[in-house]
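Colleague: Sharing a model prediction with you, sequence too.
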Amino acid sequence: MSSKGLAKAEDIYANRAGRVRELKAEGKKIMGYVCAYPPLEMVTAMDYAPIRVIGSMDQPITKADTQVASIICPMLRSMLDLGMKGKADFFEGFIGAHTCDCTEKFCHLYQYNVQFPYYHFLDVPHIAHKASFGFMKAGFQLFQKTLEAHTGRKLDPDRLKEEVKKHNAQRALVRELYALRKQDPPLLSGSENLQIMLSLLSIPIEEGSGMLKDIIAEVKARKDGPKKKAARLLLWGSPLTETSIIDMIESLNANVVMDDICTGTRHFWHDVEMTSDPLDGLAKRYLDDLKCPRTFRETTSSFEEDQEVRFGYIKDYAKEWNVNGVILQSMKYCDTHGYEVPAIKAYFDRLGIPSLYLEHEYTMVALAPLKTRVEAFIEMIS
Amino acid sequence: MAEEKKKRAITRLESSALVRPLVNKMYMEGTLAGMEERPVAWSMVNWWEGDIIMRAMGVTPVYPENYGTVCAALGIAQKYMGVSVAEGFPTHLCGYAQNTIGYTTEMKREGKVPEGAPMGGMAQPTFMLSSEGYCDARFKWFQSLRQFWNVPVWTLPFPHPAYTDTSLQDVHKVNVEYMAVELQGFIAFLENLLKKKLDRDKLETMLDNQEKVLKVWWEINELRKAKPCPMHARDFWTMMVPCYYLAYDPETLTVYQQVYNEVKARVDNGIGAIPDEKYRLIFAELPPWHSLGFFDKLAERGWNFATESIGYHPPPPMELNGGSDLLYRIARWTYWQYINTRYRAAKMGYPAVGAAQPFYNWAVEYKIDGILTHPLVTCRTATFWLTHWMNVLRDKLDIPGMSIQGDIVDLTVFDAATALNQAPAFEESMDHFRKVRKSKGLDW
Ligand code: SF4
Ligand code: SF4
């Protein structure tokens, strides 16, 4: 791939599978995974390029309907559909995870239908009690065991520590990139940002970090960034695998300056603590630091405190990125995000930050009616 | 008269009538506990993991999930769902959850059990007990109720291991231990909240009873393999309630023993649950509680439902090894309930189809002619595998399937008329595949 910086991210975003095929042709071993929960440090320590399995909003689901009902998360259905159409044939293996109930089931069905030579399913607890960390760590140990059995070689703990450092370095670069959207106007649009994140999820870690460095330098120097607009928005919710919703929002009088989605900050934000046994740091990071509604947070003495525990970090984002509105979005049939909506909305109401809930079908065609609502929302806040 | 006769197409077990007083007692206990200001927990079905501990500590559980079925059957759930939507909750969430959210909103508004709430309503909780088991609603639902009830929510763990043999063996000890340690945490939570100690002797007595209940309930369901099938799915759904909510209670054991005797007598005398059993079917997964009369119409056509609802069946006799400590015993049962089918799947050598294994086995053991599935608009958990199960039964055992769209709570989605219109064609298909199976050497 000859392009650099933003252009490179745009190219990869436009043809993700193409880049993965190139990597395979270059001799890279490719490992697919779902969601933000598999510990990628362990994957890269075994010399795999971890590539996140995602769906596609603009390709109709045709084959997966013979396997799963239409009331299931459309992103998962799309992932299954693409897999059944041979579009995941570059994966040597697939790492599933119990993130939400549908994802758990999807992983088994995906493996059944696509049949990867290696398949491991990680059981991630929904609670983060003290004992849950030991449970999570035991799950990682089992993962290590199956990875070692598959590759025929041992995972070197020192190499794992090196990989933790490498991933943390990339996370630091991602945070640096996000910081470029704190100013008004932001130096980078929300759509560009998502393109970069999706590209990072599609290439090896070293390549991704190199690309990020180029992008940060380019963006800092650019003169053609987004224009100042009335609304500075934070986007929350279920994963986005296309920029279409952000494109729609940014085609109006708004910039999306921050996000809390798992193809954005949720995936990259937190470092792994360096612990003498790296699996301890990994267990803490993936179970507790990674904030997603799929994990139950302990109740406290009041609902308001609970909200703080569950959503306080988003308030910090809102303050630091100086947002004046929040778009809560979720694809239809996502239960973990769906249950969250009234509580998170009430939280932002209490903070005096207006919010709008959008439910979408994970297709390009159904976005037009949402645009009218977003337009009215932006007018209201500006 | 003709109408009256039609309603009796399924010969219900006489002993199933003994269950109603138990259920009434359960609701009455909840109401009384509320009135007397004794501790009440809103609890999710947790497969015997936490209820027995609460009971041993004098807490009265109330089950919003079961209350959802009651409200659905009585047609009031629709109203509560409307209230839930008005509160900003999406319409695709679990119908039972929407029902509870609507009920709770009304209860807060009226300051008491809402006017017209069936079965005396649900008393205000002292705390809520969630579970990680089976679906996300089981913990997200009570978390979302936190905005109405300023009471703590405790969540019980529920491992979700993979289907493969190796990982099952590898994680078994870790998983059971984790659950047992977490139960210790749950006890500490309760002792702190209620300012009293757990009576372990009482817990042990209850646990002994519970294990006997599980055993006899399992044996009852095994008897249904007989031809003709002596007990219809309608009786299963009626009688599963005490097993899930009142397994600690000696009365449940007595009732189940009577049920066992009656089913056994039917088997011994060749009596079926319907007069003329032409087809033996599986029903998957949750039934249309509001339209159970639909099954009588199918029974008139000779359709007997010999088994159903995998998530609500009791586990087979235990194969897991483990400690004898009370909490380990509890953990092992709950875990075994969830993974026993996976062990069998792994043993059968097709681990990736683990989710289909129970139905595959049942189809063979119960000599099934067809599967009727009920995809639910508001329950992804009970819907996800339905198509896969139908595919596996069709491809591997030549058993055809039919679907009827519906919901657990929303009456408007269920289309019985279309399903009944499709019945003759499906019967032809079942007849056809019977011949195909025979030609392939299968014995039914
Ligand atoms: S979007 Fe929701 S349903 Fe889909 S995978 Fe994520 S949490 Fe699960
Ligand atoms: S299994 Fe389905 S019906 Fe039952 S609580 Fe979960 S989402 Fe609701």
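Modeller: Good, I have the coordinates. Ligands and ions are numbered 1, 2, ... in the order given.

Colleague: Residue B:12 should be in a strand, yeah?
Modeller: No. Counting by DSSP: H, G, I helix; E, B strand; the rest coil, residue B:12 falls outside a strand, being coil.

Colleague: ok, it touching residue B:235?
Modeller: Yes. In this structure, residue B:12 is within contact of residue B:235 by C-beta atoms under 8 Å, at 5.9 Å. The way it works is simple: take the backbone N, C-alpha and C, and place the C-beta from them, glycine included.

Colleague: Can you list the residue ranges for strands in chain A?
Modeller: Here chain A has its strands, by DSSP state E, at A:29-33, A:48-52, A:93-97, A:118-122, A:231-237, A:254-260, A:325-331, A:355-360.

Colleague: got these as JSON lines, with mean neighbour count and distance to ligand 2 columns?
Modeller: Output for the strands of chain A, formatted as JSON lines (neighbours: other C-beta atoms under 10 Å in any protein chain shown; distance: least, C-beta to the nearest ligand atom, whole Å):
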{"stretch": "strand A:29-33", "mean neighbour count": "22", "distance to ligand 2": "26"}
{"stretch": "strand A:48-52", "mean neighbour count": "23", "distance to ligand 2": "27"}
{"stretch": "strand A:93-97", "mean neighbour count": "26", "distance to ligand 2": "20"}
{"stretch": "strand A:118-122", "mean neighbour count": "24", "distance to ligand 2": "20"}
{"stretch": "strand A:231-237", "mean neighbour count": "26", "distance to ligand 2": "20"}
{"stretch": "strand A:254-260", "mean neighbour count": "26", "distance to ligand 2": "25"}
{"stretch": "strand A:325-331", "mean neighbour count": "24", "distance to ligand 2": "16"}
{"stretch": "strand A:355-360", "mean neighbour count": "20", "distance to ligand 2": "18"}
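
Colleague: Same list (those) but as a markdown table, adding distance to ligand 1 and mean pLDDT.
Modeller: Shown next, in a markdown table, are the strands of chain A (distance: least, C-beta to the nearest ligand atom, whole Å; pLDDT from 0 to 100):
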| stretch | distance to ligand 1 | mean pLDDT |
| --- | --- | --- |
| strand A:29-33 | 13 | 98 |
| strand A:48-52 | 12 | 98 |
| strand A:93-97 | 10 | 98 |
| strand A:118-122 | 14 | 95 |
| strand A:231-237 | 8 | 98 |
| strand A:254-260 | 13 | 98 |
| strand A:325-331 | 6 | 97 |
| strand A:355-360 | 11 | 96 |
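
Colleague: what's the closest of those strands to chain B?
Modeller: strand A:118-122 (3.7 Å; C-beta to the nearest C-beta).

Colleague: now what about that closest one, what contacts it?
Modeller: A:31, A:37-38, A:92-98, A:104, A:107-108, A:111, A:139-140, A:143, A:146-147, A:150, B:161-163, B:167, B:352 (C-beta atoms under 8 Å, 6 or more residues apart in numbering or on different chains).

Colleague: tell me the pLDDT at the residue positioned nearest the centre of chain A?
Modeller: The centre of chain A sits closest to residue A:263, judged by C-alpha atoms, centre = their mean, with a distance of 2.2 Å. Per-residue confidence (pLDDT) for residue A:263: 97.

Colleague: Excluding covalently adjacent residues, which one is nearest to it?
Modeller: residue A:239 (4.7 Å; C-beta to C-beta, 6 or more residues apart in numbering or on different chains).
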